[in-house]
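> Structure, please.
(chains A and B)
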Amino acid sequence: MQPHLKKAFTLLALVIIAFIFVRSLVVPSSFGQYGWYRGDSLGDIRNFPVEYAGSTSCGEENCHKNIYSVWIKDRHKTVNCETCHGPSEKHVNNIREMPEPANDSRDYCGLCHFKRVARPTTFPQIDPDVHGENMRCTYCHNPHKPWFI
Amino acid sequence: MEVTRRKFTKIGCKVILGAAAVSAIIESVVTNGTAAENSPAGEYDWNEHFWGYVVDTRKCIGCGRCANACKLENDVPFDEPVYRTWVERYRTKRDGEVVIDSPNGSINGFPEDIPPEEVKKAFYVPKICNHCDNPPCVQVCPVGATFATKDGVVLVDYQYCIGCRYCIQGCPYGARYFNTEKGTADKCTWCYHRITKGLLPACVQACPTGARKFGDLKDPDSIVNKILDEERINVLKLDLGTKPKVYYIGLDREVR
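Just a heads-up that it's a prediction; the model follows:
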């Protein structure tokens, strides 16, 4: 081989080797494990903490069994415990960690039940100006068993 | 043949460097080729699932509990106007004008700011990342920090994202936002940390009317497959070819 070609090839080989070396340092080891991304990030995302434990965890273990059995039979059974009572996974793991009390204000019930034009007409709605004389809804309605008292 | 010390060192160096380069190349080719078949470690096997989502706009009452639960579950900055899911309100007035709004992503409800007499037609539409099968946001990422998993969820690698915001520009659904606390792009994960443990996404669980449904497209008995078989469904921006996996029932032509 001619000496000038030999030099060029040696240089090229060195450049390639340097590239591979730098790449192995910079690119995380799990990159490309499943595709063009860092495979370990799947584990990172899957290990994020859960906040909402689900209604069944309220009813099991005899904790809130009575109120659960009332709620599960009535019209508000589609509204999960944590929709009003807030995320409870911390409370499930440690009962001393109390969740915030449920918001029983008129406006909170109104998020679903105040009359709005965009709501489906079949959904039960009230006109807050004429219904209930500005009292708390829970004064007359039991949110766990929502028909009158 | 006599080998001088100089020649011996030269040959030795060449052999070592060559072997290192060849083994590195072979290793990278082999790992790329085989590992894609495996599932990440753990009990959950992503080869057995392919997730899908159904929104029934006829059932949505605009209470915003989904958007609220999403922010609390996923540590989305609560007081900033960024949302992984939100509810839009469409109102067609009697003069034909269409008013579309989503005050605070629906979290505080929808005040009636147009007199109801002037509104001819109105409805709510929940919005969320469509977890496209052909995601434009993944294509534009320059560093491989966003990707589609084998079970059909588009995720962001928060350690690897450089915060260039290309993906936010690339998403035709406006489903991505910039998380100022993390300094990265951020988006809905369909609560990947929940669904891989057998739980439902927080927004689906929080919905009081069942307007949001989530299930496995690979399971013929899942709620999503049942709805897809029975209802007339549509997706957002079908013509873009992004192949969304959020299916809508009762989608109006005004909804983009």
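> now check the longest strand seen in chain A, is it near chain B?
Taking DSSP state E as the criterion, chain A has its longest strand at strand A:145-148. No - Strand A:145-148 stays clear of chain B (Cβ under 8 Å from any Cβ of the partner chain), getting no nearer than 11.4 Å. C-beta here means a position set from N, CA and C on the backbone, and glycine is covered the same way.
> In chain A, where is pLDDT below threshold?
Chain A contains residues with pLDDT under 70 at A:148-149.
> where do the strands sit along it?
Under DSSP E, chain A gives strands at A:141-142, A:145-148.
> Quick check: neighbours of the last one in the sheet, parallel or antiparallel?
Strand partners for strand A:145-148, identified by DSSP bridges, are recorded as strand A:141-142 (antiparallel).
> Can you tell me which of the strands of chain A is nearest to residue B:217?
strand A:145-148 (35.0 Å; Cβ to Cβ).
> who touches that closest one?
With Cβ atoms under 8 Å, 6 or more residues apart in numbering or on different chains as the test, strand A:145-148 has contacts from A:70, A:71, A:74, A:75, A:76, A:140, A:141.
> do the same with stretch A:124-133
Counting by Cβ under 8 Å, 6+ apart, A:106, A:110, A:113, A:114, A:115, A:116, A:119, A:134, A:139, A:140 sit against stretch A:124-133.
> OK, contacts around the fourth one?
Okay, so that is residue A:114. Counted by Cβ under 8 Å, 6+ apart, residue A:114 has contacts A:125, A:126, A:127, A:128, B:109.
> which among the residues you listed end up buried?
A:125, A:128, B:109 (16 or more other Cβ atoms under 10 Å in any protein chain shown).
> on that earlier part again, closest to residue B:123 among the contacts of residue A:114?
Using Cβ to Cβ, the contacts of residue A:114 come closest to residue B:123 at residue A:125, 14.5 Å.
> Contact partners for residue B:214?
Residues near residue B:214 by Cβ under 8 Å, 6+ apart: B:51, B:52, B:53, B:54, B:190, B:195, B:200, B:201, B:204, B:223, B:224.
> Distance to residue B:77 and pLDDT for those residues - can I get that in TSV?
Shown next, in TSV, are these (distance: Cβ to Cβ, whole Å; pLDDT from 0 to 100):
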residue	distance to residue B:77	pLDDT
B:51	26	97
B:52	28	97
B:53	24	97
B:54	28	97
B:190	20	97
B:195	23	96
B:200	24	96
B:201	19	97
B:204	22	97
B:223	32	96
B:224	30	96
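> of the residues you listed, list those near chain A.
Within the contacts of residue B:214, those near chain A by Cβ under 8 Å from any Cβ are residue B:200.
> In strands only, show me the contacts of residue B:214.
Counting by DSSP E, those place B:51, B:52, B:53, B:54 in strands.
> Quickly name whichever of the residues you listed is closest to residue B:174.
Distance to residue B:174 across the ones in strands among the contacts of residue B:214 (Cβ to Cβ) is lowest for residue B:53, with 16.8 Å.
> pretty sure the closest one is touching residue B:217, no?
No - at 9.7 Å, residue B:53 does not count as touching residue B:217 under the criterion of Cβ atoms under 8 Å.
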